[in-house]
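Trainee: 3D model of this:
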Amino acid sequence: MPEHTHVLFVEDDDVIREATQLALERDGFAVTAMPDGLSGLEAFRADRPDIALLDVMVPGLDGVSLCRRIRDESTVPVIMLSARADSIDVVLGLEAGADDYVTKPFDGAVLVARIRAVLRRFGHAGHPSGTGADGAADSDGVLTFGELEVDTEGMEVRRAGQPVALTPTEMRLLLEFSGAPGTVLSRDKLLERVWDYGWGGDTRVVDVHVQRLRQKIGQDRIETVRGFGYKLRG
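Mentor: Residues are numbered from 1 along each chain as shown. Now for the predicted structure:
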């Protein structure tokens, strides 16, 4: 992770905003902290931060809407902050394009670890471990699954010859599937490999990202194996 990674932090609670900003700065981050979504969007466009940390419930432009606006313009990693682990806002944030979420109240060390995990996977897309029996790879590292082509060297995806725009997290997820087509990958395994979780995580993160990926590469390309996980159809 580069020095002075720039974090955009949008949080309307003054105490939480100031305390979190100080904690992140102590860990070497440069932080732009904003109290509402509209000023957060202006700061994002002006500063182009390395990562955005967005509270769901902020005035002016809520965190979910802000996430959508950011995702329309950039693939910068986004982490949502939600006050309740079972809130529908968690799913809405992930569906809007967030890469991960942290539940409030949070421990500062956990937040820093989650930020660094997201930044690591954005800095290294990773490569599949193999082509598997059902994926055909050419000399340029392009895996073909029906009308889907995955260029593992150029980090590009095409469907029926047309480019498919994926976020880095979606690309890593697809690389895991394309590296082992026909093999069932559990949600816990995907959390470990794609989200870099060294501990148990919320499998809703996986489910929402799989659904987003299906919308882009074809609903039938990734099969749900109930009770076990998902697999890529060759």
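Trainee: so the protein: which segments form each domain?
Mentor: Following the assignment in automatic domain parsing, the chain carries domains at 6-123, 136-232.
Trainee: looking at these, which one is packed in the most?
Mentor: Mean neighbour count (mean count of other C-beta atoms under 10 Å) peaks for domain 6-123 among those, with a mean of 18. Bear in mind the C-beta positions are built from the backbone N, C-alpha and C, glycine included.
Trainee: and the end-to-end length of that domain?
Mentor: 14 Å (C-alpha to C-alpha, to the nearest Å).
Trainee: tell me the mean pLDDT for it?
Mentor: The average pLDDT for domain 6-123 rounds to 91.
Trainee: how far away from the center of its chain is that domain?
Mentor: Chain-centre distance of domain 6-123: 12 Å, with C-alpha atoms, centre = their mean, to the nearest Å.
Trainee: show me the contact partners of stretch 187-202.
Mentor: Here stretch 187-202 makes contact (C-beta atoms under 8 Å, 6 or more residues apart in numbering) with 85, 90, 100-101, 117-118, 120-121, 169, 172-173, 176, 203, 205-207, 209, 229-230.
Trainee: repeat the analysis, applying 6 Å as the threshold.
Mentor: The contact list for stretch 187-202 (C-beta atoms under 6 Å, 6 or more residues apart in numbering) reads 117, 120-121, 172-173, 176, 203, 206, 229.
Trainee: so which pair among those residues is furthest apart in space?
Mentor: Arg120 and Gly229 (23.1 Å; C-beta to C-beta).
Trainee: and Tyr101, that's in a strand?
Mentor: Yes. Counting by DSSP: H, G, I helix; E, B strand; the rest coil, Tyr101 is located in a strand.
Trainee: setting aside sequence neighbours, what's the nearest residue to it?
Mentor: In space, and not counting its chain neighbours, Tyr101 is closest to Met80: 4.2 Å by C-beta to C-beta, 6 or more residues apart in numbering.
Trainee: isn't there a strand covering the one you found?
Mentor: Yes. Met80 sits within a strand when classified using three-state DSSP.
Trainee: show me what contacts it?
Mentor: Counting by C-beta under 6 Å, 6+ apart, Met80 touches 54, 56, 93, 98, 101.
Trainee: quick one: contacts of the lengthiest helix in the chain?
Mentor: Ordering each helix of the chain by length in residues (DSSP state H) puts helix 108-123 first. Residues from elsewhere that reach helix 108-123 (C-beta under 6 Å, 6+ apart): 1, 23, 27, 77, 99-100, 102, 168, 172, 196.
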